[in-house]
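Chemist: Provided below are the primary sequence and the corresponding predicted coordinates.
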There are 2 protein chains.
Amino acid sequence: MSIAIKISLNEGLYLKEPQDSKLGRKIMQYSIEMIDEFGFEAFTFKKLAQKINSTEASIYRYFENKHLLLLFLVNWYWEWVNYLIGINTMNIANPKEKLKIVVHSIVSASKEDPGVAYVNENKLHNIVISEGNKAYHTKDVDQENSKGFFKSYKALATAVSKVISEVNPNFEYPYTLATNLFEMSNNHIYFAQHLPRLTDVAAHKNKADELETMLNYFVDKLLS
Amino acid sequence: MSIAIKISLNEGLYLKEPQDSKLGRKIMQYSIEMIDEFGFEAFTFKKLAQKINSTEASIYRYFENKHLLLLFLVNWYWEWVNYLIGINTMNIANPKEKLKIVVHSIVSASKEDPGVAYVNENKLHNIVISEGNKAYHTKDVDQENSKGFFKSYKALATAVSKVISEVNPNFEYPYTLATNLFEMSNNHIYFAQHLPRLTDVAAHKNKADELETMLNYFVDKLLS
DNA sequence: TTTAAAATGATAGTATTACTATCATAAATA
DNA sequence: TATTTATGATAGTAATACTATCATTTTAAA
C-alpha cells in the first residue's frame, strides 16, 4: 500500500496542474534542482527544457513564467509545513508543548519524508531560504494577493498565531511573532551560512538544533 | 554655510564614484525614483538613461550592472542609518534609553533630512523595504561578501548588538536581535501595506509609531 | 590660453531572455 | 477506431544586458 500525498494549491498559480502528469512532475523536480543549484536569477525555462529533454513551449503550458513557478514551489512548501504542523500537534493538549512542536516542525520540515518522489524537500527548503522572499517582493504583490497567491503562507501564519495565543492570550502580536518565526528561521540559516556576522547561530555546528534552541528562547521570553 | 554629507562606500560597489559628478548624482537620484516607482525587476539602465537624457553606456561607466547599483543604494541607506544612530545616541549614558533611540532611528531614519539633495531618503527607504533583501539573496553572496559588499550592514548590526549587550550583557543573541530589528522593521511595514494578514501592525494608522511600539515591546521583553 | 586628459554622447552590435504562434506527432480516452 | 489532449519541433519577436568604437564636450594642467 502506498499513500500518495498531493498538495492542492491555488489554481491561479499554474496553467495546468503539474502534479497530474509526468512532464509536470519533471518540471517540479528539476526546477527545484536547478534553482537550488544555480539560483533563481540564472534559472530559465530554456535551460530547464534542455535538462529534461522537453521544450520551452511545453513548460509554458504549465506555468505562465518562472516567477509563478517559484510562487508555486514556495506555496507547496508552506502547505507542506502547515500539513506537518497539523499532524505533529494533533492530540497535543498542552499549548506550550504544542508551540515547541510547531517550532520544531518549522525548523525541521525538510527532514521529514512525505514520500513525494518528485519533490526534494531539502532542496526546496534551500530555495525557500534563499529565494523565498522574492515570492512576495514584487510590484504585483497586491494583484497577486487578491488572487489568493499567498493564501498558503497566510494560513500557516494564522495556524501558528493561534497556538501562540493559546499559550498567552494576552500577547498582542501573535501574527507578528508567527511570521517572524518563519523569517528568522530562514534568515538565520542563511546568515549562518553566508553572512555569519549577522547572526549568533554558528556556521559550523548543527545549525538546525541551534536555531531551534534560539527560536524557543525567543518564544519563551516573549510569551512569558 | 552648508555642510555636505558624503557617505563613503566600498569601492568595489561602483566603477566610478557617482557622488562626485553631476551625472553620477543624477543616476543615484533617478534610479531611486524609478526603482521605487516601477520596482527593481522592471528597472533597466536603458530606461534610466532615457529619463535623464543620457545613454546606457554612460551609466555602465558608473555601475557594472543594476544589481551593484542596488547594492550601492542599500549600503548607502545602511550607512546613513548607522550615522544617524551614532549622532542620536551620542552622549546618552543610559543603555536602555540608548536602545530606544536606536529603535527610533531605525524606524524613522527616512524622516530625518540629511541635506543630500540627490537622495530622497523616503523613497530609498521604500526600496530598502521592498527590494532590500534582494541585495544579499543572490548566488554570488559569498564572493560579494568577501569583497566587503555587506560591510555597511554588518557594521550596523555590530553597532546595534553592542547597545543590546550593554542593556543586558547576559543576553545570548545580540546579533540575531540586532538584524531581526532591521528585518522586522522592513517586513512589517511591507506586510502592513501589502499582506496585512501577516502582521499585527495595522495598515491604516500611523504605521511607524505602531511599529516602533511593537519593536520596543519585543526588545524589552527579550532583554528583561 | 592652449593643450592634454577625462567624461560623456552617439551609435552599433551581440548573445540571451522571455515569451508567442503554428503545425506535426504521440499518447490517452471514449 | 476515432478523437481529444498532450507534447515536440521549429520559428519568430521584442526586450534585456551588456560591449565596443569613435566623436564631442568639459575639465584641469601646463
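Modeler: Right, received. Where do you want to start?
Chemist: Mind jotting down where the helices sit in chain A?
Modeler: For chain A, applying DSSP state H gives helices covering A:22-38, A:45-51, A:56-60, A:66-89, A:95-108, A:121-131, A:141-146, A:151-167, A:174-194, A:207-223.
Chemist: what does the last one rub up against?
Modeler: In this case it means helix A:207-223. For helix A:207-223, contacts defined as C-beta atoms under 8 Å, 6 or more residues apart in numbering or on different chains pick out A:99-100, A:103-104, A:106-108, A:111, A:164, A:167-168, A:171, A:177, A:181, A:184-185, A:188-189, A:192-193, A:200-202, B:172-173, B:176, B:218, B:221-222, B:224. Bear in mind the C-beta positions are built from the backbone N, C-alpha and C, glycine included.
Chemist: Narrow those to those that are buried.
Modeler: For the contacts of helix A:207-223, a burial check counting by 16 or more other C-beta atoms under 10 Å in any protein chain shown picks out A:99-100, A:103-104, A:106-108, A:164, A:167-168, A:171, A:177, A:181, A:184-185, A:188-189, A:192-193, A:200-201, B:173, B:176, B:218, B:222.
Chemist: rewinding a little: wait, which of the helices of chain A is closest to residue B:50?
Modeler: The closest of the helices of chain A to residue B:50 is helix A:66-89. By C-beta to C-beta, the value is 25.3 Å.
Chemist: For DNA strand C, which of the helices of chain A is the nearest?
Modeler: For DNA strand C, the closest of those is helix A:56-60, at 3.6 Å, according to C-beta to the nearest atom of the strand.
Chemist: Would you indicate which residues of the closest one are buried?
Modeler: Neighbour-count burial for helix A:56-60 [16+ other C-beta under 10 Å]: residue A:59.
Chemist: DNA strand D contacts on chain A?
Modeler: Contacts of chain A with DNA strand D, taken as C-beta under 7 Å from any atom of the strand, map to A:16, A:21, A:22, A:23, A:24, A:53, A:54, A:55, A:56, A:57, A:58, A:61.
Chemist: Mean pLDDT and distance to residue B:89 added to the helices of chain A, as TSV?
Modeler: Shown next, in TSV, are the helices of chain A (pLDDT from 0 to 100; distance: least, C-beta to C-beta, whole Å):
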stretch	mean pLDDT	distance to residue B:89
helix A:22-38	98	42
helix A:45-51	98	50
helix A:56-60	98	53
helix A:66-89	97	39
helix A:95-108	97	34
helix A:121-131	97	33
helix A:141-146	98	35
helix A:151-167	98	33
helix A:174-194	98	25
helix A:207-223	97	24
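Chemist: closest one to residue B:8 among those helices?
Modeler: Closest approach to residue B:8 among the helices of chain A is made by helix A:174-194 (24.5 Å; C-beta to C-beta).
Chemist: CA atoms only: put the closest one into CSV for me.
Modeler: Written as CSV, here are the backbone C-alpha positions of helix A:174-194 (Å, rounded to 0.1, in the frame of the first residue of the first chain):
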residue,chain,number,x,y,z
PRO,A,174,0.6,36.8,17.6
TYR,A,175,0.8,37.3,13.8
THR,A,176,4.0,39.2,14.0
LEU,A,177,5.6,36.5,16.1
ALA,A,178,4.3,33.8,13.8
THR,A,179,5.7,35.3,10.6
ASN,A,180,8.8,36.3,12.5
LEU,A,181,9.4,32.7,13.3
PHE,A,182,9.5,31.8,9.7
GLU,A,183,11.5,34.7,8.6
MET,A,184,14.0,34.2,11.4
SER,A,185,14.2,30.6,10.7
ASN,A,186,15.1,31.2,7.1
ASN,A,187,17.2,34.3,7.6
HIS,A,188,19.5,32.9,10.3
ILE,A,189,20.2,29.7,8.5
TYR,A,190,21.1,31.8,5.5
PHE,A,191,23.2,34.2,7.6
ALA,A,192,25.0,31.4,9.4
GLN,A,193,26.0,30.0,6.0
HIS,A,194,26.8,33.2,4.1
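Chemist: and the angle from it to helix A:66-89?
Modeler: Taking axes from the mean of the first three to the mean of the last three C-alpha atoms, to 10 degrees, helix A:174-194 and helix A:66-89 form an angle of 110 degrees between their directions.
Chemist: Does helix A:174-194 pack against any helices or strands, and if so which?
Modeler: Helix A:174-194 sits against helix A:95-108, helix A:121-131, helix A:151-167, helix A:207-223, helix B:141-146, helix B:174-194, with contacts defined as 3 or more C-beta pairs under 8 Å, 6 or more residues apart in numbering or on different chains; DSSP states H and E.
Chemist: Now tabulate these in JSON lines and tack on distance to residue A:70.
Modeler: Putting these into JSON lines (distance: least, C-beta to C-beta, whole Å) gives the following:
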{"stretch": "helix A:95-108", "distance to residue A:70": "20"}
{"stretch": "helix A:121-131", "distance to residue A:70": "6"}
{"stretch": "helix A:151-167", "distance to residue A:70": "13"}
{"stretch": "helix A:207-223", "distance to residue A:70": "24"}
{"stretch": "helix B:141-146", "distance to residue A:70": "18"}
{"stretch": "helix B:174-194", "distance to residue A:70": "17"}
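Chemist: closest one to residue B:30 among those helices?
Modeler: Comparing the helices and strands packed on helix A:174-194 by their distance to residue B:30 (C-beta to C-beta), the top pick is helix B:174-194, with 23.1 Å.
Chemist: Determine how far that closest one lies from the middle of the whole chain.
Modeler: Taking the mean of its C-alpha atoms, helix B:174-194 sits 12 Å from the chain's own mean (C-alpha atoms, centre = their mean, to the nearest Å).
Chemist: And stretch A:8-21, by the same measure?
Modeler: Stretch A:8-21 has its average C-alpha position 17 Å from the chain's average C-alpha position, going by C-alpha atoms, centre = their mean.
Chemist: what's the answer for stretch A:90-99, then?
Modeler: 22 Å.
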